[in-house]
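Trainee: missing the sequence, but the structure's below:
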């Protein structure tokens, strides 16, 4: 057992759940064998606590590091901030420059509030939108974090209303029961369902991810926009995950439909904590009529990192690079599956791609891939969040290694081998599944 697993065993006695993020739990990849912790990282390489070098062909900081780990321009800007001072009695000017840049990228918008995590940004947006609309009830489509307002949907009559929104079987324990029937999930591309929710409830806010497994059909986004406008409902696009993946800004740009508020997260600081709520003046000024305030929303590193990240993104057109790399990965998966007559389903946008085996042994195969690829020097699973650091050579070495793993999986599907005999530990957990 490696040093990382030893430390993780200790962590589980000290930290409920072992980690702060469900998506980083070793059980999600390779229980009992995943390296768990890193000592350093650069480009798309990670070194574990035992000094072993690993090529990250998996989720690149859960999608935060689209410019690769330790991007020099971003890190140098942050180091300058550290030298000059991060937190003082006065405000940092970078937050004003960053707000200006984000309004420039979202010309329909006028004002910005900052936070440090996607969940915070979602809660800020909901608070502002409710204050602006004067109504409490919210219609949602997609994943929007862990806060009470969102999880309260699982107090509704169905008892698991969020199961179609990436998180099946989530318990709303600890969420006040009197929040029941304040949040109503609707399914993507089902406009009639949304219309029914709006007609039968006092909806003040519609919040949704712009894109998931598939794009809008039958003018769906425009219909949602029209409905929000007609009924005086605040429309929020959650771009915390999708932003800067296919465009320089929100993925909504592809469809020509503008929200009243948009949130950005993950990519914007290339691994440094910064999220933004961008919106129209008449909506955003409602923030003045409620209390939204936090000390660490004013620290300097986040806004400094975001300004540098946006500059590099714009120079290299990172969204084009990661989309192209994601498409190469998807094509490679499909070619390999076809060559071994394996049935897989690929989903997500190119830069955030995932696949699953259409087999009762799907989770066992996913575990086997993590196990075998780790042995070959890769962090790998059945998903891939692209960065500008992964090259053609990295992809080639990855597929050369994966070929052998697929060969074994093919033999299991034919009945020549048993997958249980090939695993060195327990099967990974299913758990959290991103649809976008």
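Mentor: Everything's here; your move. Just so it is clear, the structure is predicted and the values come from calculations on it, not from any experiment. Residues are numbered from 1 along each chain as shown.

Trainee: In the chain, where is pLDDT below threshold?
Mentor: 158-161, 163-169, 431-436 (pLDDT under 70).

Trainee: The most centrally placed residue in it in helix, strand or coil?
Mentor: Nearest to the mean C-alpha position of the chain, counting by CA atoms, centre = their mean, stands residue 241 at 4.1 Å. Here residue 241 takes the coil state, with states given by DSSP: H, G, I helix; E, B strand; the rest coil.

Trainee: Quick check on it: phi, psi?
Mentor: With angles defined as degrees, to the nearest 10, residue 241 sits at phi -100, psi -40.

Trainee: Please name the residues that touch the residue nearest to residue 26 when sequence neighbours are not counted.
Mentor: Excluding the flanking residues, the one nearest residue 26 by CB to CB, 6 or more residues apart in numbering is residue 34, at 3.6 Å. Yep, even glycine has a C-beta here, placed from its N, CA and C like the rest. Residue 34 makes contact with 4, 5, 8, 26, 370, 374 under the criterion CB atoms under 8 Å, 6 or more residues apart in numbering.

Trainee: where's the first one, which helix or strand?
Mentor: Which is residue 4. helix 3-14 (DSSP states H and E).

Trainee: Return the distance of that helix from the chain's centre.
Mentor: Relative to its chain's centre, helix 3-14 lies at 26 Å (CA atoms, centre = their mean, to the nearest Å).

Trainee: which residues touch it?
Mentor: 18, 19, 26, 32, 33, 34, 35, 36, 37, 48, 49, 50.

Trainee: what's the residue nearest to residue 26 sitting at in phi/psi?
Mentor: Dihedral angles for residue 34 - degrees, to the nearest 10 - are phi -70, psi 140.

Trainee: Report the spatially closest residue to residue 105, excluding sequence-adjacent ones.
Mentor: residue 249 is the one closest to residue 105 (CB to CB, 6+ apart), at 4.3 Å.

Trainee: From residue 382, how far out is residue 3?
Mentor: 26 Å (CB to CB, to the nearest Å).

Trainee: Ok, residue 237 next?
Mentor: Taken as CB to CB, the span from residue 237 to residue 382 is 28 Å.

Trainee: Which one's more surrounded, these two?
Mentor: Ranked by neighbour count (other CB atoms under 10 Å), residue 237 and residue 382 place residue 237 first, with 30 against 22.

Trainee: picking that back up, distance between whichever helix or strand comes after the helix holding residue 4 and the chain's centre?
Mentor: Downstream of helix 3-14, the first helix or strand assigned by DSSP H and E is strand 38-42. How far strand 38-42 lies from its chain's middle: 21 Å, per CA atoms, centre = their mean.

Trainee: and if you look at stretch 15-22?
Mentor: How far stretch 15-22 lies from its chain's middle: 17 Å, per CA atoms, centre = their mean.

Trainee: Likewise for stretch 125-140?
Mentor: Centre-to-centre, stretch 125-140 and its host chain are 23 Å apart (CA atoms, centre = their mean).

Trainee: Stretch 327-340 now?
Mentor: On CA atoms, centre = their mean, the centre of stretch 327-340 falls 24 Å from that of its chain.

Trainee: What residues of that stretch count as buried?
Mentor: For stretch 327-340, a neighbour-count test (16 or more other CB atoms under 10 Å) marks 328, 329, 330, 332, 333, 336, 337, 340 as buried.

Trainee: Closest one of those to residue 399?
Mentor: The closest of the buried residues of stretch 327-340 to residue 399 turns out to be residue 332 (CB to CB; 5.1 Å).

Trainee: From residue 318, how far off is that closest one?
Mentor: Residue 332 sits 21 Å away from residue 318, taking CB to CB as the criterion.

Trainee: what separates the residue nearest to the centre of the chain from residue 20, distance-wise?
Mentor: On the measure of CB to CB, residue 241 and residue 20 end up 18 Å apart.

Trainee: One more: residue 341?
Mentor: Applying CB to CB, the value for residue 341 to residue 20 is 41 Å.

Trainee: Look up phi and psi at the nearest residue to residue 383 once chain neighbours are set aside.
Mentor: The spatially closest residue to residue 383, leaving aside those adjacent along the chain, is residue 354, at 3.8 Å (CB to CB, 6+ apart). Phi and psi for residue 354, reported as degrees, to the nearest 10, are phi -150, psi 160.

Trainee: Residue 348 is in contact with residue 327, correct?
Mentor: No - Residue 327 is beyond contact range of residue 348, at 11.6 Å (criterion: CB atoms under 8 Å).

Trainee: what secondary structure does residue 107 sit in?
Mentor: With three-state DSSP as the basis, residue 107 sits in coil.

Trainee: re the thing from before, export the contacts of residue 34 to TSV and append columns for neighbour count.
Mentor: Formatted as TSV, the contacts of residue 34 follow (neighbours: other CB atoms under 10 Å):
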residue	neighbour count
4	21
5	19
8	22
26	23
370	25
374	20
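
Trainee: Now that the residue nearest to the centre of the chain has come up, it's in contact with residue 268, right?
Mentor: No - between residue 241 and residue 268 no contact is recorded; they are 11.3 Å apart, counting by CB under 8 Å.

Trainee: Now do the helix or strand where residue 120 lies: distance to the chain's middle.
Mentor: Following DSSP H and E, one finds residue 120 within helix 118-133. Averaging C-alpha positions (CA atoms, centre = their mean) puts helix 118-133 18 Å from its chain's average.
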